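> here is my input, please return the structure:
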Amino acid sequence: MTRRIRLARRYLGGMLPVFDCHADALQRALDLGHDLGRETHGHLDLVRGRRGGLAAVVLTAWIDGPYAEESGAAKRRTNALLDAADDLFARHPQSLRQVVDGADLLEPRASSPSRVATPSRTTSTSSTTTPRGAYGS
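Below is the predicted model of the structure:
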């Protein structure tokens, strides 16, 4: 067993980690007011994710086509989605943490082993995303 798998199992209390590389759930937070840090009826919330072994999730700032039709609308929408992510982290500091690299993601948290880690806001070459910093636990 590799060191990373041992660390991941320790971090998750013996479970193998699940890594969701693309979740559009921030749209639900912004448009419907869903708190992703609480159990919701949508396709992803961090409570059900944690129960299922979710160790990390990349929360994307996906911009639908209509926002590209008006000058500046895509940027405003992106910033609003990223603000929704910031709000999520501010509301749940005990269950979320910001991480910026794989080593930090796998680092066990003795004080809070059940945290869900969320990797950093990623840089994209797509015109539909505007990176703004790092987030993530």
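
> residue boundaries of the strands in this structure?
18-23, 54-59, 96-98, 116-118 (DSSP state E).

> out of the ones you listed, the one nearest Leu44 is which?
Judged by Cβ to Cβ, the one of the strands of the chain that comes nearest to Leu44 is strand 18-23, at 5.2 Å. For glycine as for every other residue, the C-beta is placed from the backbone atoms N, C-alpha and C.

> give me the sheet partners of that closest one and which way each runs.
Each strand paired with strand 18-23, and its direction, by DSSP bridges: strand 54-59 (parallel).

> give me the number of residues near Arg77?
22 (other Cβ atoms under 10 Å).

> correct me, but it touches Ile63?
Yes - A contact is recorded between Arg77 and Ile63 when judged using Cβ atoms under 8 Å, the distance being 5.2 Å.

> okay, now Ala29: neighbour count?
Other residues within reach of Ala29 by the criterion other Cβ under 10 Å amount to 22.
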